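Q: how would this look folded up:
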Amino acid sequence: MDILALSNNYDLYKEKSLRKRRFKYTDFYQVIGKHLEKKNVNFLEPEFSFEGRKIFVMTYGTGKTTILIFSQMHGNEPVSTEALMDFINFLEADKVWSKKVKLIMIPLLNPDGNEKFDRRNAQGIDINRDARKLVSPEARILAKIHKEFSPDFALNLHDMEPHYTSKPENLQTVLAVLAPECDEIGSVNPARKRAVKVISGIITAINQLIPNRLAKYTDKFTPEAFGDTFMQKGTSSILLETGSIFNDKERLFARKIVFLSIVKAVDLIALKGYLNTAVGVYRKLPDNQRNNAFDLKIQNLSVKTSRGDYQLDIGIRRIKKTYNDEDFADEFSDYRIVNIGDLKRFGAIKSFDATDYVFNGNYTEIFIGQKAGFEISSNKKNEIINIKSLL
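A: Coordinates of the predicted model:
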C-alpha cells in the first residue's frame, strides 16, 4: 500500500459530514445511516450503551485473519472515531483485502460519554479500566465481541492531549503508538511481538509524512485496561493515539495520519508484510513526553529593572478550569505563565523569538500562574505586541 499516494487522495475517503472535532450522537447516527445502504460493510445487531444509545458493530471481509478495531472508549476522544469512519469509507470504495481479513469494527464505543464530551461513560466508569470487572455495559459489549470473534489483532484508537512531544526535537506528537505489556515484568509474548512488528511497519510508513512527530506511549502494565487484557489472551493489541500539530483546533491533520495508520496496519496484517519487519524500529521510538510543550514559548525576552537587566524565556499554556484532570486543556482559553527561565529543552506549539523585545511592566508581573496578557515592545522594530495576539 503506497501511503504517500493514499495521503494525496485522502479527500476521497474523508467523512465530510464530520468536519468538527466535536460532534453529537445524532451527527454520528446520520453517518451510520448512509452505510446501512452500502454493500461492502455489514452490520451486526446493535448493542446499547447504559443510557440506551445504539452501539454499532460493523464487519468487513471473509478472511481467516480477524482484526478488531474500536474507537472512542473515552467520550472526549472523538477524532479517533472520525478517522475510523474515514477508513470505513475507504472500505466501501474498494474490496481491498476482503478475502484476506475479517474486520470487526466498533466506532464510538462510548456514545453517552461523547454526548457529554466526558472521558467516562454515563455511570462515571472509565471503560478502559473496566476490563476485569465489566461493570459497564460498554465494557461487556467489547469483551463479548472479543470472546465471540477471538481476533488475532486489535486496533485500539484514542486521542491525547496536545501538549505531548517526542524527543529529541521536542516537536508536538502527532501520533503515539503502543504495544501494551502483558505482565508486570514487560514480557514479550508472541502476541506482543506481532504487535511490535506491525507497529514498526506503521512507523516506517508514516514517518515519511511526520518525521520526528511519532512517539511511544507509556507502556506501564495496566491489567484492568483492554489492551493489556487482550494481549494476555493472545490478541496482538495495538494502540494508536491521535495527537495534534501546530494550531489545528479540529485536529484534521492528525485525523488523516491516524486514518493512514489504520490502513497501513490492516495492509501489513492482511499481506503478512509485518513478518519481515524489524522490531528495532519500535524499540528506538522516543517516549511520549507529557506536558512537555507550551502553547506559546517566548524566547530571549529582555527584562529591565532598577536592580539590573536580564534575559529569559517564558512558557505559556492553557489551564484547565476544571476539577476533572481528564478534561482536555484545548477545550479552554485561560492562558497562564507556567514556566520561566531557560526553556530551550521544551517544545512549543508556537514560538516567538523576542531577542529585540523588552517586557513592558514591572518584573514582579512575570510569575508562575499570572495571566498571559502582558505587552512587549521593540524600538528596533517600532512595535508593541500584546501576548494575547500571539496565542
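Q: Tell me the secondary structure at M231.
A: Of the three states, M231 takes helix under DSSP: H, G, I helix; E, B strand; the rest coil.
Q: now swap in K102 and tell me
A: Going by three-state DSSP: K102 is strand.
Q: That one: neighbour count?
A: Residues near K102, counting by other CB atoms under 10 Å, number 20. For every residue, glycine as well, the C-beta is placed using N, CA and C.
Q: do the same with Y310
A: Neighbour tally, Y310, other CB under 10 Å: 11.
Q: Over to the one 4 residues further on?
A: By the measure other CB under 10 Å, the count of residues near I314 is 26.
Q: ditto for L252
A: When counting by other CB under 10 Å, one arrives at 15 neighbours for L252.
Q: next one: P223
A: By other CB under 10 Å, 14 other residues sit near P223.
Q: same check, this time on the one 3 residues further on
A: Using other CB under 10 Å, F226 has 28 neighbouring residues.
Q: Who are the contact partners of it?
A: Counting by CB atoms under 8 Å, 6 or more residues apart in numbering, F226 touches M73, I127, N128, A131, A139, L142, A154, N156, S237.
Q: want to throw the residues you listed into JSON lines with secondary structure?
A: As requested, the contacts of F226 are arranged in JSON lines below (three-state DSSP):
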{"residue": "M73", "secondary structure": "coil"}
{"residue": "I127", "secondary structure": "helix"}
{"residue": "N128", "secondary structure": "helix"}
{"residue": "A131", "secondary structure": "coil"}
{"residue": "A139", "secondary structure": "helix"}
{"residue": "L142", "secondary structure": "helix"}
{"residue": "A154", "secondary structure": "strand"}
{"residue": "N156", "secondary structure": "strand"}
{"residue": "S237", "secondary structure": "strand"}
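Q: so which of these comes closest to A270?
A: The shortest gap between A270 and any of these belongs to A154, at 15.1 Å (CB to CB).
Q: Quick check: pLDDT value at that closest one.
A: The per-residue pLDDT reported for A154 equals 98.
Q: One more: P107?
A: pLDDT at P107 comes out at 97.
Q: Begin at 50, not 1, for the rest of this chat.
A: All set: I'll call the first residue 50, so the last point we hit is now P156.
Q: Out of the contacts of F275, which comes closest to D232?
A: S286 (13.5 Å).
Q: in terms of contact, does that closest one touch A203 like I think?
A: Yes - using CB atoms under 8 Å, S286 makes contact with A203 at a distance of 4.8 Å.
Q: which neighbours do the two share?
A: F275, G276, F279.
Q: got these as TSV, with pLDDT columns?
A: Output for the shared contacts of S286 and A203, formatted as TSV (pLDDT from 0 to 100):
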residue	pLDDT
F275	98
G276	97
F279	98
